[in-house]
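*Asks:* This is the structure alone, sequence omitted:
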């Protein structure tokens with residue numbers, strides 16, 4: 001009898017080992033096929049960020065699902081194999097990390113809300129709408145103001161700002177994912193009312209999003225917590241002419257922020273009474289790792305042409321602040337800057353006003369002056385910026401769109417003394 005039990009146990013262990021090896025084999029083979037597919041798509045077809053990211057997601061999901069159909073739990077092994085191989089293979093231009101995760105998050109959120117909307121039927125809302133609206137009122141008028149008041153206690157925020165924080169709290173992805181995760185399991189275990197969790201959450205999400213979305217702007221204006229439309233530029237560079245430009249812009253009512261890498265330049269910015277941005281350049285300009293919300297444009301004004309060109313390429317995005325750089329030296333010196341596409345705009349002033357030329361001219365006595373916008377410039381004067389009546393900073397770039405001459409004040413650079 002004991003011999004039969006031992007033999008059966010050995011047979012069971014052997015069968016489990018074979019199943020494990022079979023699943024690993026399916027996952028490894030599927031992962032290899034997925035790597036070959038991605039290598040062909042990304043390495044040979046030259047897909048851009050958007051298509052490349054979509055292709056990655058589609059390949060991983062498709063290969064993992066196919067492996068799971070052939071052998072349970074082998075899809076995870078295939079996904080791991082694909083990720084490790086794609087990170088190690090040379091010659092692949094993988095999409096950068098931020099677009100990948102932005103696309104992944106958008107996809108997950110979209111799928112989640114579609115699934116929730118498809119699950120919640122009109123019949124399931126009959127006995128839920130009124131209690132859910134009452135719950136929404138409690139959340140909006142009671143819970144959120146109390147939580148915001150406790151969280152901002154001693155924070156230094158003004159009373160109007162604390163009130164606005166107490167008003168804004170739209171429910172969304174967290175509530176939806178939590179409800180969809182636990183409601184089905186609770187209902188399967190016979191917990192009373194568990195089947196109403198998801199419809200009630202759906203009503204709360206819709207109600208809070210509509211309420212806060214429609215009232216955010218009027219409430220912000222009512223409480224006077226809106227940021228003015230005036231520009232808030234970030235000036236990158238610490239040369240004397242850049243510091244003087246910062247003082248001129250601040251004198252016109254703009255909230256100027258500056259950054260420089262050299263300690264002497266940072267000391268000069270501080271001595272001039274201008275706000276100095278902390279942190280490293282990319283984190284500072286992008287608002288990562290520093291409190292720089294509200295930056296409307298980044299002006300790259302250093303003497304290093306390649307640095308300006310590379311930083312402009314890295315910082316420019318569809319949703320971020322506008323990025324401008326100085327033109328490179330007329331001789332075309334530099335490794336990167338002469339090959340940048342000037343036709344995309346974003347190059348300040350004119351080809352003769354490089355960082356070195358501006359520094360020499362300012363060092364020779366040229367002054368940065370303010371005059372009414374739209375007036376003719378005298379010989380030897382160059383237009384740098386225009387600040388319109390609303391406080392918006394308009395740089396003089398090498399390629400400008402046709403339009404009316406703005407009103408306000410013009411910032412010019414005079415001739416050398």
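*Replies:* Here it is on my side, so go on. These figures come from a predicted structure and were not determined experimentally.

*Asks:* Touching, residue 116 and residue 177? I think so.
*Replies:* No - with contact defined as Cβ atoms under 8 Å, residue 116 does not count as touching residue 177 (9.2 Å). The C-beta positions use only the backbone N, C-alpha and C, and glycine is treated the same way.

*Asks:* so what are the domain limits for this protein?
*Replies:* Here the domain parsing of the chain from automatic domain parsing is 2-95, 120-223, 233-413.

*Asks:* Save the ones you listed as TSV, and put in distance to residue 106, mean pLDDT and mean neighbour count too.
*Replies:* As requested, those are exported to TSV (distance: least, Cβ to Cβ, whole Å; pLDDT from 0 to 100; neighbours: other Cβ atoms under 10 Å):
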stretch	distance to residue 106	mean pLDDT	mean neighbour count
domain 2-95	10	76	15
domain 120-223	11	85	14
domain 233-413	13	76	17
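
*Asks:* Look up how far residue 146 lies from residue 175.
*Replies:* Going from residue 175 to residue 146 by Cβ to Cβ, to the nearest Å gives 18 Å.

*Asks:* before we move on, what about residue 61?
*Replies:* 42 Å.

*Asks:* The helix or strand encompassing residue 138 - contacts with which helices or strands?
*Replies:* Here residue 138 sits within helix 129-138, counting by DSSP states H and E. When contacts are defined as 3 or more Cβ pairs under 8 Å, 6 or more residues apart in numbering; DSSP states H and E, helix 129-138 packs onto helix 197-223.

*Asks:* picking that back up, could I get the domains of the chain as TSV with distance to residue 110?
*Replies:* Converted to TSV, the domains of the chain look like this (distance: least, Cβ to Cβ, whole Å):
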stretch	distance to residue 110
domain 2-95	12
domain 120-223	11
domain 233-413	18
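
*Asks:* for those domains, which one sits closest to residue 112?
*Replies:* Nearest to residue 112 among the domains of the chain is domain 120-223 (5.9 Å), distances taken as Cβ to Cβ.

*Asks:* What's the end-to-end length of the closest one?
*Replies:* The first and final residues of domain 120-223 sit 37 Å from each other (Cα to Cα, to the nearest Å).

*Asks:* where do the helices sit along the stretch 1-150 of the chain?
*Replies:* 2-38, 49-70, 75-88, 97-119, 129-138, 144-151 (DSSP state H, counting those that start in this stretch).

*Asks:* Out of these, flag the one nearest residue 408.
*Replies:* Distance to residue 408, taken as Cβ to Cβ, is lowest for helix 97-119 among the helices of the stretch 1-150 of the chain, at 36.0 Å.

*Asks:* I'd like the distance from residue 176 to residue 107, if you could.
*Replies:* Taken as Cβ to Cβ, the span from residue 176 to residue 107 is 15 Å.

*Asks:* for residue 125, same thing?
*Replies:* Distance, residue 125 to residue 107, using Cβ to Cβ: 27 Å.

*Asks:* Could you do residue 141 as well?
*Replies:* From residue 141 across to residue 107, the span is 35 Å (Cβ to Cβ).

*Asks:* Next: residue 266.
*Replies:* Residue 266 is 43 Å from residue 107, by Cβ to Cβ.

*Asks:* Residue 166 now?
*Replies:* 33 Å.

*Asks:* ok, now residue 397?
*Replies:* 37 Å.

*Asks:* Please work out how many residues are found near residue 110.
*Replies:* By other Cβ atoms under 10 Å, the residues close to residue 110 number 10.

*Asks:* Look at it and report its pLDDT.
*Replies:* Here the pLDDT value assigned to residue 110 is 75.

*Asks:* Done for today, thanks.
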